[in-house]
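> requesting a structural model of the entry that follows:
(chains A and B)
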Amino acid sequence: MAVEVHTAAPGAPPRPRPPTSPGRWRGSETLAAWLFLLPSLVPFLIFTAGPVVAAGVISLLDWNLFSPPSFVGLHNFARLGPDPTFWSALVNTVYFTFVTVPLTLLVSLALALLLNQGLKRIAVFRSLLLLPYATISVAVAFVWIWLYIPHGGLINSLLGAFGIDGPAWLVSDTWAMPALVAMSVWKSFGFGMVIFLAGLQAIPQQLYEAARVDGASPWRSFRDVTLPLLSPAMFFVVVTSVISSFQVFDQALVMTNGGPGVHTTTLVMYIYQTGFLNYEQGYAAAQSIVLFAFIAVITGMQFLLQRRLVHYDN
Amino acid sequence: MTTDVPSRPVVPALPVVSALRRSPVATRKLLVFTCFLVTAATLTPIVMMVLVAFQSDSESMAAQPSFWPGTWHFDNISRAFELVPLGGYLVNTVIFAGGTTLLETVTAALAAYAFARLRFPGRGFLFGIYLATLMIPTQVTLIPQFILVAKAHGVDTWAGMILPHAFTALGVFLLRQFFLSIPRDYEEAARLDGANRWQAFTRVIIPLAVPAIATLAVFKFITQWNNLLWPLVISNSDSTRTASVGLQVFQSANGTQWNLLLMAATITTVPLIVIFFLTQRWFVRGITMSGLGGR
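Numbering: from 1, shown residues only, chains lettered A, B, ... in the order given. A predicted model of the protein is given here:
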């Protein structure tokens, strides 16, 4: 563009280039971009984006890897309707999610508020409380099986001290799922706690001072200052917790293997069983797409609710 | 306890100091006590794991479990190693978690630079593809990835284990956000000094982005150390089994040998705990950064 201006006025002396003008790099920008991009893009398309598309195709096939695939249309999706295990897995997963997410949210928020009370060495407590989140789920699932031993296990011994006769947690139709929920809340609350702590520390202290000057009680200032300003962080924690709860697998595999019966079989566990124990790859792919659809719908609903419940400070 | 003394001098507002810093000593003691109590309760399962790991066979398998080991059986360490190749599993876990982390960080940094700084046809479209996969749960890609690896005879190989989990959109997304926050003037200065794009990237952008790259690397490493489903599906011998899968196999074989089972759990967890404490600064940042990225 600057060159055209020059040629339009041939008699004028050449203008020096202004020092602030955006300079040009040597070589083609497009070529450089592709060179930077390719090491990531090619494997990304093969191993991540491609499989997403392939999942849709495979869900339309009857395929067990040993024989050639055959096209069955939407048959795999139609099979889900009369499949009792699928419905159990769906109900179990929804139950797990709707209990785990609020509990995790409450525990993370309570601990973040506790750590944010201006105590010394918050970082030490924060690290120790974050430890369950960073440990191997299979390893800690072992300990939780041990904690849940019906006769003389740590949990039932504690309950016994209060005169409560604890159930046989992991083999009980009723209590196996709550047992998984408790372990999962313990395992995952650190994530939300760290996010809330960062959110709390970003709230300007002047707002609390102002609330105090106005004579607000601690509860009022929590309700009217802390909660609104923390609501974006809470929204994020709820969305991510719902997504990860819908994908619960490790604990259920190690602690109950889906049992007793199918009382703790989750959607991801059923996908694993269908695809890798029964070798029905097409049916498993269809289930995974239904899982994604549920996650997408629930996340979408949360984003709609967000407009009314979440306060964004612009 | 909650009443305010109006005559108290106004303390200048500091961002991290909260209202209770100025509260009575008794309240503060109660808070500290609660902190200790909650932390102790949280750590109980991990402490119990270590304690039971050192119990004798009869103690750990008694009908009435005991909590503190009567005598500390340090030979349980070598017995666990003899029963299962834990050393090999740990090495495999480091290769798997390290391999995915290394590939993801290097390639994501390169791609993120292209998306953050370079103009080229199709940039928006390609970045859109990356973003779209960010929302897809890993179980959706599990079956196609498995078929892909199986067809390429990659089951139980390192390439088959690592490649499908080394190129996610998360790294590209996080690093692009960070690169966008670096002022262009720095690169401009390098250009005027005669640097080319590559030199600007390696000598200006990368040094400035070390915190973000370290955050991504630590987060990815710890997540993959924990990964169970993919290694469970794709590795079927001790030559590639990671700690998570190895423990799961061990459990099926020796389900009630609590002391050795929990010793194996301890042995595979301790290195991760050490790594966690050494890198937790970055790990915590990884969590908060993912939080900011999600807004």
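
> neighbours of residue 209, just the number please.
All of this is about chain A. 16 (other Cβ atoms under 10 Å in any protein chain shown). Where you see a C-beta, it was placed from the backbone N, CA and C, and this is true even at glycine.

> let me rephrase: I mean chain B.
Residue B:209: 21 neighbours (other Cβ under 10 Å).

> repeat that for the one 4 residues further on.
Other residues within reach of residue B:213 by the criterion other Cβ under 10 Å amount to 21.

> same deal with residue A:228?
The burial count for residue A:228: 16, using other Cβ under 10 Å.

> how is the nearest residue to it once chain neighbours are set aside assigned, secondary-structure-wise?
Spatially, and ignoring its direct neighbours in sequence, residue A:228 is nearest to residue A:311 (4.1 Å; Cβ to Cβ, 6 or more residues apart in numbering or on different chains). Using DSSP: H, G, I helix; E, B strand; the rest coil, the structure places residue A:311 in coil.

> tell me if I'm right that residue A:311 and residue A:233 touch.
No - using Cβ atoms under 8 Å, residue A:311 makes no contact with residue A:233, being 10.9 Å away.

> tell me the contacts of residue 258?
No chain in the question, so chain A it is. A:252, A:264, A:265, A:266, A:269, A:273 (Cβ atoms under 8 Å, 6 or more residues apart in numbering or on different chains).

> actually chain B
A:146, B:52, B:55, B:60, B:61, B:65.

> mind putting the contacts of residue A:258 in JSON lines, secondary structure and distance to chain B included?
Shown next, in JSON lines, are the contacts of residue A:258 (DSSP: H, G, I helix; E, B strand; the rest coil; distance: Cβ to the nearest Cβ, whole Å):
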{"residue": "A:252", "secondary structure": "helix", "distance to chain B": "11"}
{"residue": "A:264", "secondary structure": "coil", "distance to chain B": "16"}
{"residue": "A:265", "secondary structure": "coil", "distance to chain B": "14"}
{"residue": "A:266", "secondary structure": "coil", "distance to chain B": "11"}
{"residue": "A:269", "secondary structure": "helix", "distance to chain B": "10"}
{"residue": "A:273", "secondary structure": "helix", "distance to chain B": "12"}
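
> still on that earlier bit, buried among the contacts of residue B:258? Make that a PyMOL selection.
Selecting the buried subset of those in PyMOL, with 16 or more other Cβ atoms under 10 Å in any protein chain shown as the burial test, is done by:
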select buried, (chain A and resi 146) or (chain B and resi 52+55+60+65)
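
> out of the contacts of residue B:258, flag the one nearest to residue B:150.
residue A:146 (36.4 Å; Cβ to Cβ).

> so who does the closest one touch?
Contacts of residue A:146 by Cβ under 8 Å, 6+ apart are A:153, A:154, B:48, B:52, B:65, B:258, B:262.

> quick revisit: out of the contacts of residue B:258, which are inside strands?
Per DSSP state E, strands hold no members of the contacts of residue B:258.

> residue B:204: neighbour count?
Neighbours of residue B:204 (other Cβ under 10 Å): 18.

> chain neighbours aside, what residue packs nearest to residue B:285?
residue B:215 (4.5 Å).

> tell me what the helix or strand containing that neighbour is packed against?
Here residue B:215, judged by DSSP states H and E, is contained in helix B:210-226. On a contact count with 3 or more Cβ pairs under 8 Å, 6 or more residues apart in numbering or on different chains; DSSP states H and E, helix B:210-226 meets helix B:86-117, helix B:169-180, helix B:258-293.

> just the contacts of residue B:258 now: which is nearest residue B:144?
For the contacts of residue B:258, the nearest to residue B:144 is residue A:146 (37.5 Å; Cβ to Cβ).

> which of the contacts of residue A:146 has the weakest pLDDT?
Ranked by pLDDT, those bottom out at residue B:65, which scores 74.

> measure how buried the nearest residue to residue B:64 once chain neighbours are set aside is and give me the count.
In this structure, residue B:64 finds its nearest non-sequential neighbour in residue A:152, 4.2 Å apart by Cβ to Cβ, 6+ apart. Neighbour count of residue A:152, defined by other Cβ under 10 Å: 14.

> and the closest residue to residue A:197 other than its chain neighbours, what does it touch?
The shortest distance from residue A:197 to any non-neighbouring residue, by Cβ to Cβ, 6+ apart, is to residue A:112 (4.6 Å). Applying Cβ under 8 Å, 6+ apart to residue A:112 gives the contacts A:192, A:193, A:194, A:196, A:197, A:199, A:200.

> tell me the one of those residues nearest chain B?
Closest approach to chain B among these (Cβ to the nearest Cβ): residue A:194, at 4.6 Å.

> any regions of the chain where pLDDT drops low?
No chain was given, so I picked chain A. A:1-23, A:313-314 (pLDDT under 70).

> meant chain B actually
B:1-23, B:255, B:290-295.

> domain parsing for it?
As assigned by automatic domain parsing, chain B contains the domains B:1-48, B:83-293.

> please identify the deepest-packed of these.
Greatest average neighbour count among the domains of chain B goes to domain B:83-293 (a mean of 19), per mean count of other Cβ atoms under 10 Å in any protein chain shown.

> isn't the residue nearest to residue B:285 right up against residue B:288?
No - with contact defined as Cβ under 8 Å, residue B:215 does not reach residue B:288; the gap is 9.2 Å.

> pretty sure residue A:39 sits against residue B:109.
No - applying Cβ under 8 Å, one finds residue A:39 not in contact with residue B:109, separated by 9.9 Å.

> tell me, what's touching these two both at once?
In contact with both residue A:39 and residue B:109: no residue, using Cβ under 8 Å, 6+ apart.

> ok so, going back, the more surrounded of residue A:311 and residue A:233?
residue A:233 (26 against 11).

> which residue packs closest to that one, ignoring adjacent ones?
Nearest one to residue A:233, counting by Cβ to Cβ, 6+ apart, is residue A:199 at 3.7 Å.

> check residue B:148 too.
Using Cβ to Cβ, 6+ apart, the closest residue to residue B:148 is residue A:51 (6.7 Å).

> burial count for the one you found?
Quick note: residue A:51 (other Cβ under 10 Å) scores 25 neighbours.

> could you name the helices and strands sitting against the host helix or strand of it?
Using DSSP H and E, residue A:51 sits in helix A:50-58. Under the contact criterion of 3+ Cβ pairs under 8 Å, 6+ apart, helix A:50-58 touches helix A:281-309, helix B:138-151.

> can I get those in TSV with distance to residue A:60?
Listed next are those as TSV, based on distance: least, Cβ to Cβ, whole Å:
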stretch	distance to residue A:60
helix A:281-309	7
helix B:138-151	13
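
> between those, which gets nearest to residue B:282?
helix B:138-151 (22.7 Å).

> tell me the buried residues in stretch B:67-80?
Those would be B:69, B:73, B:76, B:77, B:79, B:80, for stretch B:67-80 by 16+ other Cβ under 10 Å.

> so who does the second one touch?
Contacts for residue B:73 (Cβ under 8 Å, 6+ apart) come out as B:54, B:55, B:56, B:259.

> how about those residues, which pair is most distant?
B:54 and B:56 (8.8 Å).

> which residue is nearest the centroid of chain B?
Against the mean C-alpha coordinate of chain B, by Cα atoms, centre = their mean, the closest residue is residue B:222 at 2.3 Å.

> that residue contacts residue B:282, doesn't it?
No - contact between residue B:222 and residue B:282 fails when scored by Cβ under 8 Å: they sit 9.7 Å apart.

> other residues contacting stretch B:186-194?
Residues contacting stretch B:186-194 (Cβ under 8 Å, 6+ apart): A:23, A:25, B:117, B:199, B:200, B:203, B:204, B:205, B:208.

> and what of stretch B:212-226?
A:134-137, B:93, B:96-98, B:100-101, B:104-105, B:108-109, B:165, B:170-171, B:174-175, B:178, B:206, B:242-244, B:272, B:275-276, B:279, B:282-283, B:285-287, B:289-290.
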